[in-house]
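Structure, please.
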Amino acid sequence: MAFELPPLPYAYDALAPYMSAETLEFHHDKHHNAYVVKGNELLQGTGMENDSLEDVVKKSYNGGQGGGLFNQASQHWNHIEFWQWMKPNGGGAIPGELENKIVEDFGSVDAMKDQFVQAGVGQFGSGWCWLVLGTDGKLAISKSPNGVNPIATGEGTALLGCDVWEHSYYIDYRNRRPDYLKAFVDNMVNWDRVAEIFGNAS
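Modelled structure (predicted):
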């Protein structure tokens with residue numbers, strides 16, 4: 001089915017001061033919209049026009065070969081989720097069942113957050129860092145280049161992802177990616193959404 005740009009679930013300035021209105025406007029209206037427009041162009045004639053976005057991502061990944069359609073489709077999926085993984089006055093308490101699982105698999109919430117930040121800092125160049133519910137039933141932290149995501153790799157269900165492409169943080173943080181990632185996990189994450197995905201997947 002044709003890709004569509006979803007509206008942001010909050011106002012442009014709703015995540016300030018951790019993510020500015022200028023960043024959100026550029027990121028959503030320009031970058032995300034470009035993935036939608038280009039993705040729809042590349043989708044034509046592939047035989048995948050009526051497939052779900054998730055199926056387009058899996059098929060176009062092509063065992064790691066990727067290519068133009070994959071880049072646009074995966075980034076479209078990543079950003080649909082990214083907007084929902086944040087909320088005004090985010091961070092804070094993690095719903096009980098998810099918190100228990102995080103403590104079980106990482107030792108503590110702080111340990112999980114530290115690993116998540118380090119994965120994002122350690123992703124060379126553009127990419128994403130992830131909190132994943134693996135196919136083995138355990139939570140894990142991973143990172144991926146460019147637009148690659150857990151749907152493509154089959155490593156499990158993405159519970160949380162953070163965009164570490166420079167367009168996600170450079171207006172607000174310049175080259176201070178660690179500060180952006182720390183602000184994300186402490187002040188922007190919509191843990192209710194993460195818990196909802198966890199509940200559906202487990």
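
Which parts of the lengthiest helix in the chain count as buried, going by neighbours?
In the chain, with assignment by DSSP state H, the single longest helix is helix 68-84. Using 16 or more other Cβ atoms under 10 Å as the test for burial, helix 68-84 gives 69-84. For glycine as for every other residue, the C-beta is placed from the backbone atoms N, C-alpha and C.

ditto for stretch 4-22
Counting neighbours by 16+ other Cβ under 10 Å, one finds that the buried residues in stretch 4-22 are 5, 8, 12, 14-15, 18-20.

Taking those residues, tell me the two that lie furthest apart.
Every pair in the buried residues of stretch 4-22 was compared (Cβ to Cβ); the two farthest apart turn out to be L5 and Y18, at 23.0 Å.

Report pLDDT for the most centrally placed residue in the chain.
A centroid search over the chain (Cα atoms, centre = their mean) returns G161, at 3.3 Å, as the residue closest to the centre. Note on G161: pLDDT of 98.

how would you label it: helix, strand or coil?
Put simply, G161 is strand when judged by DSSP: H, G, I helix; E, B strand; the rest coil.

Wait, it touches G127, no?
No - if you go by Cβ atoms under 8 Å, G161 and G127 don't touch, sitting 10.1 Å apart.
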